[in-house]
Structure formats: C-alpha cells, structure tokens
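Engineer: following is a predicted model, sequence given first.
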Amino acid sequence: MLDSTMASRKKHSEPTSNLRVAVRIRPMNGTERSEKCTNVVKVDKGKQAIELKGKSFGPFFRTYDPDTTQEEIYSDLVSSQIKKVIAGFNCTVFAYGQTGTGKTFTMEGGRTDAKSSTDDPTTGIIPRAVEDIFEQLERCGCEEYSLRVSYIELYNEELFDLLASTDNEDRERLRIFDDPNKKGVIVSGVEEVPVRNRSDVFKLLQLGAEKRRTAATLMNMHSSRSHSLFMVNVVIRENTTTGEELVKQGKLNLVDLAGSENIGRSGAQGNRAKEAGSINQSLLTLGRVIRLLTTNGQHIPYRESKLTRLLQDSLGGSTITSLIATLSPSSSNFEESQSTLEYAMRAANIKNKPVCNTKLSKKTILKEYSDEIEKLRRDLRAAREKNGVIISQESHDEFQKNSEKVQELEQHLDNAVDRLRIFTEDQMHMDEQYRQLYERKGELEDRLRDRIREMAVKEKELADTNDVLNKHIEVIGLMHTSALKAFDQLTTSQGAADEMQTDLRAFWRKVDEMERADDRNKIVIDHFSKKMSDFIDTTSKLTNSLKADGDLLSKKLSENICPHVKSMESAHRDIESTAMDMETHAICIMKKSSEAEKKVIDNMTAISMENRIRLETVMKTCDDFYKSYSAKSQEFTQMVVDKLDEVKKQVSDFTEDMKPLVSTLHQTTCDSYEARTNESKKNVEHVRAACSSMADSMKALMLQVEQLSTKVAENHEKQVIADQNNQETILDTLNTAETVVQSLEDNIVETCDVKQEMDDTKKTLKQTDAKQENHIQVEKERAEEKENEVKVALKSFSDEAEATRGEAREFSNTLKSRFSATSEKCKVTGELVSDCTKKATDELSSLLDEFTKSTIVVTKESAAVVNSVVLVHVDPSVNVPQRILPSFPLVSELNQPVEPEVLLGFGEGNDDFDTDELATKKRRVTSFVRRDSLLETTNNFLSPSSIIKRREQAIEEEEDFEN
Ligand SMILES: Nc1ncnc2c1ncn2[C@@H]1O[C@H](COP(=O)(O)OP(=O)(O)OP(=O)(O)O)[C@@H](O)[C@H]1O
C-alpha cells in the first residue's frame, strides 16, 4: 500500500513547499565519445541552472555535474528526508529522464556485489537510504521499531511484486484499489517483508533487482523496461510518561522510472517496442498530471495510468517529494535533454503540503482495524445476501454489479485483515524489542548503581583533593602577597641604593680632593718622619731589650723543654728499638719457618728418593726375573715343541713303517683266511661228496670214511697248527708293534715329564711371584712407615710453627704493652711540654704587657709629636649630602616567606611529617630569600671581587645547611 492508513489522520502539517527538483548530468559514455558527440550541457552552479546549447533552464533545487559522486548526492538531497521519515512524514524520491542517462545508477547504484556504501562508492540512493534509516534510528535512540519493505514494478501497465516467492512467469498481477475510507491507493496482496538489519534489505534489494525486467537496447545495455517502486515502511513505538504506547509511522518511496525513449533510436522492436510504447504512455500521463498540477487544472487525471495513481500523494499531495532529472551531456541527445529539462522545470512548480502522520495509541489502531474489518464483513454479508436473493431477469445487470462489489469488498476485507496481521506482527516484534530493552535496562540500572557507588567514592576523593587544592591556593595566595611585599621592600631598597650610589660618586670626588691635600701633607710628614726616627730608635732599643728578654726566656724554655724532648727522643728510640726487635724477630721467625719448611721438603725428598730407589730395585728385580722367566719359558717351549716334533716324526715314521707291514699282515691274514675258508669249503664239499658217495656204499666205505675223517682231522690239525703259527707270527708282529707303541708311550711319558718340569717351573714361578708379592708388601709397609714418619715430621713441623706463631703473638702482645707504655710516656711528656709552653706563654704575655706599656708611653710621646704636626684638612662631608639613610628592614623584619610545610601541604598535627626535613627546607627557603635580597641591596656598594667572595660564602652556607 503506497498511501498508508495514517494519511487520514494527518494533523501536523508543514508549510506548502515546491517539489525539490535536482538535475544530474552523467559523464559521456563510450558510444557518445566514439561518435565524436560534443558536450552541449553545462552546469551553472551559481544560479543552480543548466545551460543547454546556450539556453538556460532553472533555477533548480540542486544541479549536479558529471563529477558529482553518489555520496554527495545522497547526503545533499536524500539524507534530510530520512530524518523526516523517522519523524513520521511520507517522503518520495524519484528519478526521471531519458533512457540510459543514469536513473538506475542513481537510485540503485553500479552493478557490483558490494554489500554496503563503504565497500563501493557507486552505491545508489536506495541502499544508502536503508543503511541511513538504521543508523539514524540507532543514533536517535529508537529502540522499539519495525521496518518493512516492499518492492513492486509496473510493467506494461501491470503491477508485479518483485519480492514475491513465485517465478517471473507465474507472477501474479497486483491490483490497485482506492482506499474506500481514506485518500490514496491500496496495492492489494503486495508482500511487506519485515527487515531486522541491513543485510536483510540488501538481500531483498538484490532479489528484486534480479527479477526486474531489463533488456539491451541501442541506448542502454541494461535498460529497465519497467518502473520500479521500493517502499520502506517505518513504524516506531514510543512510550508516554503515562505509560501509553504510541505508534508513529513514516514511509519512504524510492522510484526508478523507466526511461522515455525514442523507439527509432533505441532500435526497439516487437515486445521491446510495446514496452517502450507503454513506458512512454505512462510518462505522458505523468507529464500531463504535472502540467495540470502547475496550471491549477480542475481535474487531475491521476486515474489515467497506474503510475500516476501510485504517485498521487507524492505529486501535489502531503508527501515530501524530490525528483532527480537525469541528462546525457551529449549533442546527440539534445532534444531528449531539452524535453527532460522542460519536464523538470514544470515539476519544480508543483506544490505539496507535507503532513506528519499522527501518533496513535496501539489501542486506537487496533480498534480502527477491528471496526474496519467488522464493517467490511457486514457489507460483504449484505452484498452476498443480496446475491442470494432470486432476482428478475431485468435486475441481471444490477446483480452483475453487486457481484463485482462483493469481490471488491472481499478484497478490501482481505486487505484489512492483512494490515491487521502486519500491525500485530509489528507490535509483537516491538514487544520483543521492548522485552530485550527491559532486560538491558535492568542490566544498565545495575551498572548505573555500581557507577553511582564508584562516583560517590570518587566524589569524596575529589572533595579531599579539592580541599588540598584550596589549601594550596591559599598558601600560594599568601606567598604571592608576601612576595609582593618583599618586592615593594626591594624597590624601596633599590631607590635608597641608587641615592647612595650618587652619594658615593660625590664621595669619590671628595677623595680626589683629599689626595691632593695628602700630597701637601706629605711634606709635613717628611719632617715628621725625621722626628719619628728618633722615636723609632728609642723603640728599637726597647725592642732589643725585649728581644734579649725573649731570648733569655726562650733559652729558659728550651732548657725546660729539653729533658722532655730527650725523654720523647728516648721513647722514640724505644719505639725504634722495639720496631727493630720486631723486625729481627720476624726475620728469625721467617728463617725458622723457612728452615722448617726446607727440612720438611728435604725429608720428604729423601723419603721419596729412598722409596723410589727401592721401588726401582724391586721393579728391576721383577723385570730381570720376568725377562729370565720369559727366556726360560721360551726355551722350554721351544724344547717342548722340538720334542713334540720329534715324537710326531717318530710316530709318523713308525706309522709309515707299519703301514706296509700291517697291510702285508692284513693281506696275509686275509689271504690265509680266504684260502683256509676256501679249503674248508672244498673239504666240506669233499666230505659232502664223500658222504654222498658213502651214503651209497655206507657200510662198505665206513673204514675208508674213518680213514678219510682221520686224514681230514690230521689235515685239520696241521692247518690249525699252521694257523696257530700264523697267529703266533701275527702275535709277534703285534708284540713288535706293542714294543713300538711302548717306546712311543715312553716318549710320551718323557714328554709328560717335560710337562711335569714345566709345571714345576710354573710352581717355582708362582713361588717367586709370592716372594715378589711379599717383597712388595714389605716395601709397601716400609713406605707406609716412611709416610707415617713424614706425617710425624709434618706434625712436629706444624707444632713448631704453632709454637713460633704463639711466640710471635706473645712478642706482639709484649710490643703492644711496650707501645702503650711508650705512648703513655709521650702523653705525659706532651702534658709537661704544654705546661712548659703555657708557662713560657704567660711569661711572654707579661713581657708583652710590659712592651705594650712601654709602647703606649712611646706612642703618647709620638702623639705629642704628631699633635705638633699641622696637616691640611679637607672636610669630606662638604658637597656630599648629609643624607639620612632610610632604615633598611632587618633580616628579622623582612617579610618572611610562607612556611614551607604549609606550601607542601603538611598541616599541624600531621604525624607523618618529617620535622627535620621541614626545618631544613624552611631554613633553606628563608635563607635564600634573605640572602638574595641582602645581596641585591648591598652588591651596589661592593667591588666585584667582594661580590664574588660574598656569593661563595653564601654558597658555602647553603651547603652547610644541606649537610
Ligand atoms: N553518473 C554516472 N557516472 C558513471 N556512469 C554512469 C552514470 N550514470 C549512468 N552511468 C552509466 O550509464 C549506463 C546507463 O545507466 P542506467 O542504466 O542507470 O540508465 P537508465 O537511465 O536507468 O536507463 P533506462 O531508462 O534504460 O533503464 C550504465 O552503464 C551506468 O553505469
């Protein structure tokens, strides 16, 4: 809904004002430059006018040249309107101009993905305005508010919702109604999307921009083919002191019109041409409305196009409206630019009467909504009932009309319900904001209480500091007063000093005069000196006698002092002798200790030498023994090796000898055995054959068998004997072998004997080792003994050293006592000397008295002589003014500087204060003031060297104070 329900309740109006028309010229684009077009538009900033080929248009509210940035336009033209929206006004900003002159660029911005104006300087008015609304709401402390945005486009005289969730093709056409009760129009069914932050809005803006119909034409690559309207509805809730909740509503309409276009030049055909026709038609109606508004036309044809219906309240209504007319600077667009400027001039004459929407209580609004809904329901019921009645044929037209009315009422009702829903949602959102605020308020109150407590403590501290500061100020005031007084005194002193200086100069002149008088007097004095020389003679005589007396006295004194001096000398000698003794003793001790040391070293060296020799002997013996032992063992080993070689050789020879013998023996044995076996076999075969033949002739041949068996037995016996012989031979051979083995065994036994010998040698060696060990052990024991001896010697040496030290200590004690006795003597002598000196002084003083008396006598006499001398006298006071010197304040009378402890902020009764330090500081301050004032006053009368001397003295004094 463009014109809100609030419009009817407008109360606070502003004075009538003209539409704020601004003209913006875009830079030349690439095509224009390539076509070598010239720039025909000039901005006259002074007159806020535009010159087109020399013809001036204007003045306008603002004029912007091609260099003007988006930011400048926004802050100059739109920012102030955001304040008005938040205050409860409805505001409209719309861009009008030829196609491709920068309307979309001005309203939406460059085609980038930037999310905020800080990221991208080409960001247009719409995103900047939304950002600004949020910022200004936060800045003015609005905590309970609701923002809703709608985005619609008017394409070919049809309205579409750019934020609807449906696709481009299926998008539902929106309907516009005149609000039955109030002025303005209602766009039915448009989405009013709640936005809670900036990013929500940017997303919606992007969504809408994507859905908006654009196409490439010869004039613009992304030409908008529809008018677009971005609406931001701001609802703010305020709580009155009585606890009532008031709701205030403001609305911002941001309109980007499609560009007027010359169809021929833009190259639009088909759909594009239809679009261009529709665009131009709506822009013509807009132009007519504008013209009639400025010529006080009776009937304003708002209803002739949807665009003018939508902009009705912005043109000649209660909205604060700004129009930005965009121009191309190029000569090729001269006619279009002229037409735009004329259009803008006319629009600048439209008068609006801005009215602020009334703040209404939540209750009132709810009641209004429910009343409206109730009324609409009633109307709808009545209309439906009418439809339900059976009507005549004649009343058919009326029935048709009624049906349309029912439909319209239904739409109205839906709309009212929708608005109520939106209102309730807004209220809920604000309730939530309120709850968060309430919680935050609680937190803040707690923090505030803490802060108040802290503040109280801080205030107390501040008061204390203030007191201290006041005291300081008081002290500084006192100091200032006393400094002023001191300054006055110093000025007075300075005046007096100046006068004195004048006097001094006169005095010096007088001194010159006196010098001259002196010269004259000199002559007189010469005479006088002659006379005086006589007196001097007298005086010298007197002095001589005095000198003689003095000599006598000094002689006496020296006589008196002499014995004491002698005694002192003897004491001195004593000390010297003691010192000598000490030295001798020390030398003696040194000698003794060095002797003892030497002795010990010698002892140690002797012992170690002896030990070394012994050990060397032992080592040598061992070495010899081991050498002989190794030679013997080598020899023995060699012998064993030789023996073994021999045995090996014998064994191998024997083996070699035995080999053929054994093999022969073996062969023979084997052969005889074989032969025997063969023979036995043969015999057995024979026997078998005989037995078999005998079996046939058993009995007959029994004898023969017996003979044969006897023969066989005999043969067998012979054979056995032969076998036995053979065996005996073998046995002999074996015996021989045995003998050889025996001899071998003997050899081995012999070898074993060698082994035995070796074992014996080992044993001997072991024994020798044991002996050696014993020997070493003995040597060790002896070395230990020697060591003990050395230890004993060392002990005796240390005892001796201890004794020597004791002696030295004793000696030093004796010396100490001798020293103290001598010093006592010296003291006594000193006292005696001082007595003598005193006596001598007394005598001398009496002598001096005498001398003085005689001098007085002589002086008197000389005075008498002097009196006889008449000198020229010059009165120094003549010509020197007899001035009464002003009385300079004494140091004690001088203005005392403020007490340092007061200055430092330490009052009475402050126990922490260090009184010594205070006194020092006080003294220092006082002394500085006094010294400086006195020095300044008296320096005028002193010579530079005296001034320096006095300064040095003062510095010393100061240092003394500090110490
Ligand atoms: N002030 C400017 N500075 C730089 N470029 C600009 C400016 N104004 C317009 N342009 C550029 O000119 C081209 C056309 O601008 P734009 O699309 O905003 O024109 P339009 O008036 O909206 O056109 P249409 O009516 O066809 O939609 C764009 O590429 C845009 O970036």
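Structural biologist: Sure, I can see it. Numbering: from 1, shown residues only.
Engineer: residues in contact with the closest residue to the ligand within the stretch 201-350 of the chain?
Structural biologist: Nearest to the ligand, among the residues of the stretch 201-350 of the chain, is residue 259, at 2.5 Å (C-beta to the nearest ligand atom). Just so you know, the C-beta spots here come from the backbone N, C-alpha and C atoms, and that holds for glycine as well. By C-beta atoms under 8 Å, 6 or more residues apart in numbering, the contact set of residue 259 is 97-101, 103, 219-220, 223-224, 279.
Engineer: would you mind finding the longest helix in this protein?
Structural biologist: As assigned by DSSP state H, the longest helix anywhere in the chain is helix 396-696.
Engineer: re the thing from before, tell me the pLDDT of the residue of the stretch 201-350 of the chain closest to the ligand.
Structural biologist: In this model, residue 259 is scored at 78, pLDDT.
Engineer: ditto for residue 858
Structural biologist: Note on residue 858: pLDDT of 69.
Engineer: for the one 4 residues further on, same thing?
Structural biologist: The confidence metric pLDDT takes the value 66 at residue 862.
Engineer: which of the contacts of residue 259 fall in helices?
Structural biologist: Filtering those for helices - DSSP H - leaves 103, 279.
Engineer: can you lay out the contacts of residue 259 as JSON lines showing distance to the ligand, pLDDT and neighbour count?
Structural biologist: Formatted as JSON lines, those follow (distance: C-beta to the nearest ligand atom, whole Å; pLDDT from 0 to 100; neighbours: other C-beta atoms under 10 Å):
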{"residue": "97", "distance to the ligand": "6", "pLDDT": "89", "neighbour count": "28"}
{"residue": "98", "distance to the ligand": "7", "pLDDT": "87", "neighbour count": "25"}
{"residue": "99", "distance to the ligand": "4", "pLDDT": "84", "neighbour count": "26"}
{"residue": "100", "distance to the ligand": "5", "pLDDT": "86", "neighbour count": "26"}
{"residue": "101", "distance to the ligand": "5", "pLDDT": "91", "neighbour count": "29"}
{"residue": "103", "distance to the ligand": "4", "pLDDT": "90", "neighbour count": "29"}
{"residue": "219", "distance to the ligand": "6", "pLDDT": "62", "neighbour count": "22"}
{"residue": "220", "distance to the ligand": "4", "pLDDT": "64", "neighbour count": "21"}
{"residue": "223", "distance to the ligand": "3", "pLDDT": "71", "neighbour count": "24"}
{"residue": "224", "distance to the ligand": "3", "pLDDT": "74", "neighbour count": "25"}
{"residue": "279", "distance to the ligand": "8", "pLDDT": "78", "neighbour count": "28"}
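Engineer: strands - which of the contacts of residue 259 land there?
Structural biologist: 97, 223-224 (DSSP state E).
Engineer: picking that back up, farthest-separated two in the contacts of residue 259?
Structural biologist: The two members of these with the most space between them (C-beta to C-beta) are 101 and 279, at 14.0 Å.
Engineer: distance of residue 520 relative to residue 511?
Structural biologist: The gap separating residue 520 from residue 511 is 15 Å, by C-beta to C-beta, to the nearest Å.
Engineer: quickly list what the residue lying closest to residue 318 once chain neighbours are set aside is bridged to.
Structural biologist: Closest residue in space to residue 318, ignoring its immediate chain neighbours: residue 355 at 4.1 Å, by C-beta to C-beta, 6 or more residues apart in numbering. Beta bridges link residue 355 to residue 13, judged by DSSP bridges.
Engineer: how close does residue 355 get to residue 320?
Structural biologist: 10 Å.
Engineer: over to residue 450?
Structural biologist: 46 Å.
Engineer: same deal with residue 97?
Structural biologist: Distance from residue 97 to residue 320, by C-beta to C-beta: 21 Å.
Engineer: likewise residue 471?
Structural biologist: Distance of residue 471 to residue 320, computed by C-beta to C-beta: 62 Å.
Engineer: which one of the two is surrounded by more residues?
Structural biologist: Of the pair residue 471 and residue 320, residue 320 is the one with more neighbours under other C-beta atoms under 10 Å, namely 23 against 14.
Engineer: identify the residues contacting the more buried one.
Structural biologist: Contacts for residue 320 (C-beta under 8 Å, 6+ apart) come out as 14, 17, 81, 84, 89-92, 352, 354.
Engineer: tell me how many other residues crowd residue 349.
Structural biologist: Per other C-beta under 10 Å, the neighbour tally for residue 349 reads 14.
Engineer: end to end on stretch 238-250, go ahead and measure it.
Structural biologist: 14 Å (C-alpha to C-alpha, to the nearest Å).
Engineer: OK, now which residue of the stretch 51-200 of the chain is nearest to the ligand?
Structural biologist: Relative to the ligand, the nearest point of the stretch 51-200 of the chain is residue 102 (2.5 Å; C-beta to the nearest ligand atom).
Engineer: report how many residues lie close to that residue.
Structural biologist: Residues within reach of residue 102, counting by other C-beta under 10 Å, total 23.
Engineer: close to the ligand: what parts of this protein are there?
Structural biologist: Residues of the chain that fall close to the ligand, judged by C-beta under 6 Å from any ligand atom: 26-27, 29, 97, 99-105, 110, 220, 222-224, 258-259, 326.
Engineer: helices and strands of the chain: which one has the lowest mean pLDDT?
Structural biologist: One helix or strand of the chain scores below all others by mean pLDDT, DSSP states H and E: helix 900-903, with a mean of 51.
Engineer: domain parsing for this protein?
Structural biologist: The chain breaks down by automatic domain parsing into domains covering 5-358, 900-962.
Engineer: and among these, the most buried is which?
Structural biologist: Ranked by mean neighbour count under mean count of other C-beta atoms under 10 Å, the domains of the chain are led by domain 5-358, which reaches a mean of 19.
Engineer: in contact with residue 563, which residues?
Structural biologist: Counting by C-beta under 8 Å, 6+ apart, there are no residues that residue 563 touches.
Engineer: quick one: the helices in the stretch 101-250 of the chain?
Structural biologist: Here the stretch 101-250 of the chain has its helices, by DSSP state H, counting those that start in this stretch, at 103-107, 125-139, 198-211.
Engineer: so which of the ones you listed comes closest to residue 341?
Structural biologist: Across the helices of the stretch 101-250 of the chain, closest to residue 341 is helix 103-107 (C-beta to C-beta), at 15.1 Å.
Engineer: tell me which other helices or strands that closest one touches.
Structural biologist: Packing partners of helix 103-107 (3 or more C-beta pairs under 8 Å, 6 or more residues apart in numbering; DSSP states H and E): strand 90-97, helix 125-139, strand 245-256, strand 320-327.
Engineer: what sits closest to the residue of the stretch 51-200 of the chain closest to the ligand if chain neighbours are left out?
Structural biologist: residue 26 (4.1 Å).
Engineer: so the one you found makes contact with residue 330?
Structural biologist: No. Here residue 26 lies out of contact with residue 330, judged by C-beta atoms under 8 Å, at a distance of 9.5 Å.
Engineer: just the C-alpha atoms of stretch 132-147, please, in CSV.
Structural biologist: Only the C-alpha atoms of stretch 132-147 are listed here, as CSV (Å, rounded to 0.1, in the frame of the first residue of the first chain):
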residue,chain,number,x,y,z
ASP,A,132,20.9,5.5,6.9
ILE,A,133,17.4,4.6,8.3
PHE,A,134,19.0,2.0,10.5
GLU,A,135,21.9,4.3,11.5
GLN,A,136,19.6,7.2,12.3
LEU,A,137,17.2,5.0,14.3
GLU,A,138,20.2,3.8,16.4
ARG,A,139,21.5,7.3,16.7
CYS,A,140,18.3,8.9,17.9
GLY,A,141,17.9,6.1,20.4
CYS,A,142,14.8,4.4,18.9
GLU,A,143,14.7,1.0,20.5
GLU,A,144,11.3,-0.2,19.5
TYR,A,145,10.7,0.0,15.8
SER,A,146,9.7,-2.2,12.9
LEU,A,147,10.9,-1.9,9.3
